[in-house]
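Asks: what's the 3D shape of this:
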Amino acid sequence: MAWQAQPGPLVQLSQCLRGSLSGHDIAAQKSAEQMLRQAKTSPDINNYLTYISATPHPPEGFDTTTYHSARSAAAIMLKNNVKSSYRSIPESSKAYVKSTILLGLQDGNAQIRNFIGNVVTEVVRQGGVLGWPQVLPQLLSMVAKENGQSSAEAQDGAMGALFKICEDNKRLLDQDYPNQGRPLAYLLPKFLDLTASPNPKLRSRALSAINVFFNEPIALTARENVNNILPRVVRLTTDENEDVRRFVCRTFSLLADGMPTVLLPHIEGIVDYTISQQKDIQNEELALDAAEFFFEASSAPALRDAFGPYLNRVVPVLLDSMIYSEDDQLRLEGEAEDADLEDEEKDIKPQFATSKTSRSNAGGALTANPQTTNGQSTPAANGFAFEEDDELSEGEIDEYDDGDMDPEEEWNLRKCSAAALDSIASHFGGPVFNVTLPWLMENLAHKDWQNREAAVLALGAIGPGCMQDIEPHLPNLVPYMLSLLSDQQPVVRQISSWALSRFAGWASHLDPAGKQQYFEPMMEGILRCMLDNNKKVQESAASAFATLEEQANTELMPYSAVIVQQFVRCFGRYKDRNMYILYDCVQTLAEYAGPELAKPELVDSLMPALIARWEKVQDQSREMFPLLECLAFVATALGNRFTPFAAPFFMRCIRIIQNNLEAGAGAVSQPYLDVPDKDFLVTSLDLLSSIIQALEEPYSSELAKSAQPNLFEMLAYCMKDGNNDVKQSAYALLGDCSIYIFPQLQPYLPTLLEILLHQLDLSHVAADPDTACRVLNNACWSCGEMAMRHKAGMAPYVDRLLSKLALIMFAENVPESINENAAIALGRLGIGCHQQLAPHLANFAVPFLRAMQKVSWTDEKGHAYKGFASVVLDNPQAMEQCLLDFFAEMANAPGVFLTGMQDDGPLQSFERVLAQYKALIGDGWDTYLHNLAPLQEQSLRQLYTF
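Replies: Just a heads-up that it's a prediction; the model follows:
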């Protein structure tokens, strides 16, 4: 007998579902949520949710509005149940869901149709395409009105569900199934037929569904059928519907990115088409989609070369698209001075710890800044490809949703056109400048600010790519842009700051007279704008100054005092949001002008400003991330001048780490608690590393000794953390402690070395190769640093370390830097434990030398060879296969390097090795050395006494 909904439970559940959305009555909402949790245990719960979702007629006691809320909640809850526990749902319930839920796609309410589509998609995702083989034909039948009874709403609902299925199951649809083939091979022809539908909404949505499969990685079926698809797309270029033409532009953009060669035979027609669409200023969305084609095509080597003949058509359209629209002009002209107004919390973007590379062979660490284009963040890879499904699960909050998002922060036609122009200019250079110059001359001196602003944007966009052609004009252009830093319109001051920073590399490397004439006014002008009365100008100027610092590099050092003075003023005036970019400015100055910052007068000026902000920021604030990162660079730059300030920073980092670890443990034992943000651990560990490096040993040792809770016990927890970024920073700190405060670290080595041994395992790399490789690199590096100082104390661990390090050294599926760091660690292990390694020398000598040959001559390489030479002396016969390679390496060592390292280096060990082999080989010694290249033999005899 078929399942039937019972009136009593139906009404009761509907009331609970409606109550769960009663945000105005918190008590009722919590009560309803509690009842729903209890209801989830009922075996019929998903049947009832399906019935309520798909049935438009309200039960007794409900009106249409309140029942709509209940239906929405039912569909969301059903989708979440399918997502979290599909396998445990009874087969009878699954059958009921599949037989009933599609009725909801005919609903008169678009929101309900959307929610039902989400349920359908989730069932397919969890149960597989073959788990519901009827769904695709049924949906296509509804879209095509094959039964003659489908309503317009049913067509819309079914097409929406099909799109979601394609989006969420792209890989599964393109998979071959035994005796079934690929579902996509069935779907694609149907979608192509729908592109000829008389209904424009169906045409556009069918094309958008096809576009899903042209998104990287491109579906094999789409790739194989592109020659059938492309003529249909070309036919739609004349479609009267703007949405259809938008998706045509998106198809061309996706193909430009993923299959550029298929567009080459049609390039002229596509260029003319996209130009015509981009000129449609009445529809900015259509124009943006057209501009996206030029942005993608200009980045595709196979396609951009074909652009050459069309530059005089493409570039002017991009330039005109960079002028603010009339609506934007009115909005921007209404902006007021706001520098003294406090920021609201929604104005501050979420912050994350900066991604890092791992320790290099020389023990250095680098940071990577987010990629920006024309002063703005670039869009996500699929930011323009097709409409996203923004539906959130029950209880899920979109942390980054902001209904009042600043239009200036959105990816738009203006920014896309500027980014495309930047890319085209970088490839073509001079020809782009020649096309741009007349437009620049007309608009730089234009009476309207929006034209002047666009001209400066264009100048900045083409600057790096056309530098050779622009350079003769810069003596006139730079003063003009400097004058615009005082323009009445804030947005003009913003763009001028950014554009000037694009030429900072040129200005900062002029002769002294040129610097005085161009670089110093540029630097002073941008610094002045950092204290503008408009917050956006402040932000743009601060970002521009960070770029200027990078471009000028050490040329900035003589100006450090002036720069620090202005930064301190900014600390006194900036509100919360702009503090983030100010930290970046200070950090970049510390990176490039480090020794200058250690001057007492600059320390006395900068540190109180940083400390005042440090004392204001709460431990739980996300502002702590950039502040800790900034302080890490400052500590490194100041060196022992940081000593008077170190203790409060050190102890607070210890506290932040402790609180985060405790909160993480709480979240594991009590899942309803929030998992703490691991970036607090990463940035705190990094600052501890910088402080330990900066201070002289007695001071850093005292800090480590007095830390409560114990530094090394917390370090052990961080080394075992599930987050690779945390482990990466933890192993960096372990290595720094080995170098700078080894006596404090030594008592904890038995525990820490066991954790390290577990980490030295290639199996960890498979899950997340990028971040796991950085952890492995740092683990190898820190192992070598410990071996250098613990020497014979490493004996209990040598056999296991040899096994682990040798496998890493042999591995071909990791970056070479990891092979090299493993080899260095193994060599350093030989300093104190060479007798234990000697019996195994024949097994690892060849890959060891192969890895070491690629490493530059640093102290770490010298230490490794000193240890390796000790191993060789204990077992010289094991070098039969690679002795000449070892001699060649000795011959390649720079003499200054050998003598500079003195007793710490390999010079004496190399000489002992040579003397031993000379004695072993006897009369044939000179003949044997003749096997080396003549220059190598000569170098060997000159460098060493044997």
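
Asks: So, low pLDDT: which residues of the stretch 351-500 of the chain?
Replies: Low-confidence regions of the stretch 351-500 of the chain, defined by pLDDT under 70, span residues 351-408.

Asks: Mind jotting down where the helices sit in it?
Replies: Applying DSSP state H, counting those that start in this stretch to the stretch 351-500 of the chain gives helices spanning 413-428, 430-444, 449-462, 467-470, 474-484, 490-501.

Asks: and the angle from the first one to helix 449-462?
Replies: Looking back up the chat, that one is helix 413-428. 30 degrees (axes from the mean of the first three to the mean of the last three C-alpha atoms, to 10 degrees).

Asks: Please name every helix or strand in contact with helix 413-428.
Replies: Contact here means 3 or more C-beta pairs under 8 Å, 6 or more residues apart in numbering; DSSP states H and E; on that basis helix 413-428 packs against helix 284-297, helix 301-304, helix 311-320, strand 372-373, helix 430-444, helix 449-462. For glycine as for every other residue, the C-beta is placed from the backbone atoms N, C-alpha and C.

Asks: Out of the ones you listed, which is closest to residue 560?
Replies: Closest approach to residue 560 among those is made by strand 372-373 (25.3 Å; C-beta to C-beta).

Asks: What strand or helix carries residue 187?
Replies: helix 183-194 (DSSP states H and E).

Asks: now the helices of the stretch 351-500 of the chain as JSON lines including mean neighbour count and distance to residue 755?
Replies: Putting those into JSON lines (neighbours: other C-beta atoms under 10 Å; distance: least, C-beta to C-beta, whole Å) gives the following:
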{"stretch": "helix 413-428", "mean neighbour count": "25", "distance to residue 755": "45"}
{"stretch": "helix 430-444", "mean neighbour count": "18", "distance to residue 755": "55"}
{"stretch": "helix 449-462", "mean neighbour count": "25", "distance to residue 755": "50"}
{"stretch": "helix 467-470", "mean neighbour count": "17", "distance to residue 755": "51"}
{"stretch": "helix 474-484", "mean neighbour count": "16", "distance to residue 755": "55"}
{"stretch": "helix 490-501", "mean neighbour count": "27", "distance to residue 755": "45"}
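
Asks: so can I have TSV of the ones you listed showing distance to residue 110?
Replies: Shown next, in TSV, are the helices of the stretch 351-500 of the chain (distance: least, C-beta to C-beta, whole Å):
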stretch	distance to residue 110
helix 413-428	28
helix 430-444	44
helix 449-462	38
helix 467-470	52
helix 474-484	48
helix 490-501	38
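
Asks: picking up where we left off before, report the mean per-residue pLDDT for the helix holding residue 187.
Replies: Helix 183-194 carries an average pLDDT of 95.

Asks: Give me the next element, helix or strand, following that helix.
Replies: With DSSP H and E, the next secondary element past helix 183-194 is helix 200-212.

Asks: Contacts for the helix or strand just after that next one, please.
Replies: Next in sequence after helix 200-212, counting helices and strands by DSSP H and E, comes helix 220-224. The set of residues external to helix 220-224 that reach it, using C-beta atoms under 8 Å, 6 or more residues apart in numbering, is 174, 182, 184-185, 188, 210, 213-214, 229, 259.

Asks: So for helix 220-224, what gets flagged as buried?
Replies: 221-223 (16 or more other C-beta atoms under 10 Å).

Asks: Report all helices and strands that the helix or strand that comes right after it contacts.
Replies: Counting by DSSP H and E, the element after helix 220-224 in chain order, helix or strand, is helix 226-235. Using 3+ C-beta pairs under 8 Å, 6+ apart, the elements in contact with helix 226-235 are helix 183-194, helix 242-258.

Asks: Tell me which of the ones you listed sits most buried.
Replies: helix 242-258 (a mean of 24; mean count of other C-beta atoms under 10 Å).

Asks: Give the next helix or strand downstream of it.
Replies: Sequence-wise, the next helix or strand downstream of helix 242-258 (DSSP H and E) is helix 267-278.

Asks: Distance from that following helix to the middle of the chain?
Replies: The chain centre lies 33 Å from the centre of helix 267-278; the measure is C-alpha atoms, centre = their mean, to the nearest Å.

Asks: And the lengthiest helix in the chain, what does it pack against?
Replies: Identified as the longest helix of the chain according to DSSP state H is helix 643-669. If contacts are counted by 3+ C-beta pairs under 8 Å, 6+ apart, helix 643-669 sits against helix 600-616, helix 624-638, helix 679-694, helix 697-706, helix 711-719.

Asks: tilt between the shortest one and helix 679-694?
Replies: So the one you mean is helix 711-719. Using the same axes, to 10 degrees: helix 711-719 against helix 679-694 is 130 degrees.

Asks: Torsion angles phi and psi at residue 855?
Replies: For residue 855, the backbone dihedrals (degrees, to the nearest 10) come out as phi -90, psi 140.

Asks: Tell me how many other residues crowd residue 748.
Replies: For residue 748, the neighbour count with other C-beta atoms under 10 Å is 17.

Asks: That one and residue 704: what is the separation?
Replies: To residue 704, residue 748 is 11 Å away according to C-beta to C-beta, to the nearest Å.
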